[in-house]
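**Q** Below: sequence and its predicted model.
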Amino acid sequence: MYPLNWKYTDFMIHTRLKGMGVALITPFKEDDSVDYDALLRLVDYQLQNGTDFLCVLGTTAETPTLTSEEKLKIKNLVVERVNGQLPILLGVGSNCTRTVIETLHNEEMMRGVDAVLVAVPYYNKPSQEGLYQHYKAIAQSTNLPIVLYNVPGRTGVNMTAETTLRLAREFDNIVAIKEASGNITQMDDIIKNKPANFDVISGDDGITFPLITLGAVGVISVIGNAFPREFSRMTRLALQGDYNNALTIHHKFTELFSLLFVDGNPAGVKAMLNVMGLIDNKLRLPLVPTRITTFEKMRAILDELNIKC
């Protein structure tokens, strides 16, 4: 835990959660167990190919299907392997505020974590005031930097720009939002009116380029699991203002973005990683592997891109 007089605005995490973060998948073996060796190979692949930070135990990790023991072991292995080379953003979302706070107070789970990602509560569809009170209680329970996560397509409720800005202005340890609402007007409203010590991060690979041109600082990426070098370069070029070269890379991946999610996430990216020889093409129910027809379309695009799968 950080000292009570610690100032979030002075902390390195605020400048480090920029660029391309990767929402790590969880590899499974055919017997449904976690493939920890494959996980370490994936982490090494990210470390060697330009990734700026790692998001562990997010939605893309199939976290709802993991046991508490598996979550802790995954987190510990990633932290140990990264060894301080990249910031670790840990997903701790729940539709129960108390559960999130209990996780944040679990010293073993928080050891080695630089910041936490807290998704809007799913299923129970709180009001905007309920969302505010949820994040207020969480912010007041920890000294860790918090990244909000708005993804109404999964949670069933959208956190408005007004609520996001209210939280950003009132709590110094709420340092960013991963925005995946798909509403560019809403995102632009947040970027335009946010305090200086609060960042917007794209939660959707397909709109990362346009969102950076509006003032976002990066992306928490799914496609980066498979193509960290290419996608981190696009993100870096866009952040440097080299929009022409960034746009060229963005357009190369446009068709792939939609195919990645047509059979659900992370089925698409797991299929790619499987053909690249990094993991088994295995998901835990209720998720299932991508269809053959979808994968053949992916393969054709990858051949055009001269990316070997």
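**A** Happy to help now that I have it. Here the structure is a predicted model, which means the values were calculated and not measured.

**Q** alpha carbons only for contacts and neighbour counts from here, please
**A** Noted.

**Q** What residues of the helix or strand hosting residue 46 count as buried?
**A** Taking DSSP states H and E as the criterion, residue 46 maps to helix 36-47. The neighbour-count check on helix 36-47 (16 or more other CA atoms under 10 Å) flags 36, 38-40, 42-43, 45-47 as buried.

**Q** With distance to residue 92 and pLDDT as new columns, can these be given to me in a markdown table?
**A** Formatted as a markdown table, the buried residues of helix 36-47 follow (distance: CA to CA, whole Å; pLDDT from 0 to 100):
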| residue | distance to residue 92 | pLDDT |
| --- | --- | --- |
| 36 | 20 | 98 |
| 38 | 23 | 98 |
| 39 | 19 | 98 |
| 40 | 21 | 98 |
| 42 | 21 | 98 |
| 43 | 20 | 98 |
| 45 | 24 | 98 |
| 46 | 22 | 98 |
| 47 | 23 | 98 |
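
**Q** Closest to residue 16 out of those?
**A** residue 47 (15.0 Å; CA to CA).

**Q** Let me see the contact set for that closest one.
**A** Taking CA atoms under 8 Å, 6 or more residues apart in numbering as the contact definition, residue 47 lies against 82, 85-86.

**Q** 6 Å instead, please
**A** For residue 47, no contacting residues are found, by CA atoms under 6 Å, 6 or more residues apart in numbering.

**Q** At which residues are the strands of the chain located?
**A** Assigned by DSSP state E, the chain shows strands spanning 19-23, 53-56, 88-91, 115-119, 146-150, 174-179, 199-202, 218-221.

**Q** The fourth one pairs with which strands, parallel or anti?
**A** This means strand 115-119. Within its sheet, strand 115-119 is paired with strand 88-91 (parallel), strand 146-150 (parallel), according to DSSP bridges.

**Q** TSV for the ones you listed, including mean pLDDT and distance to residue 177?
**A** Formatted as TSV, the strands paired with strand 115-119 follow (pLDDT from 0 to 100; distance: least, CA to CA, whole Å):
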stretch	mean pLDDT	distance to residue 177
strand 88-91	98	12
strand 146-150	98	4
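
**Q** Please convert the ones you listed to a markdown table, extending it with mean neighbour count and distance to residue 25.
**A** As requested, those are exported to a markdown table (neighbours: other CA atoms under 10 Å; distance: least, CA to CA, whole Å):
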| stretch | mean neighbour count | distance to residue 25 |
| --- | --- | --- |
| strand 88-91 | 24 | 12 |
| strand 146-150 | 25 | 18 |
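
**Q** now these as a markdown table including distance to residue 284?
**A** A markdown table is the format used below for the strands paired with strand 115-119 (distance: least, CA to CA, whole Å):
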| stretch | distance to residue 284 |
| --- | --- |
| strand 88-91 | 19 |
| strand 146-150 | 23 |
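
**Q** Of the ones you listed, which is nearest residue 108?
**A** strand 88-91 (12.9 Å).

**Q** Compare the strands of the chain and give me the one nearest residue 229.
**A** Across those, closest to residue 229 is strand 19-23 (CA to CA), at 9.8 Å.
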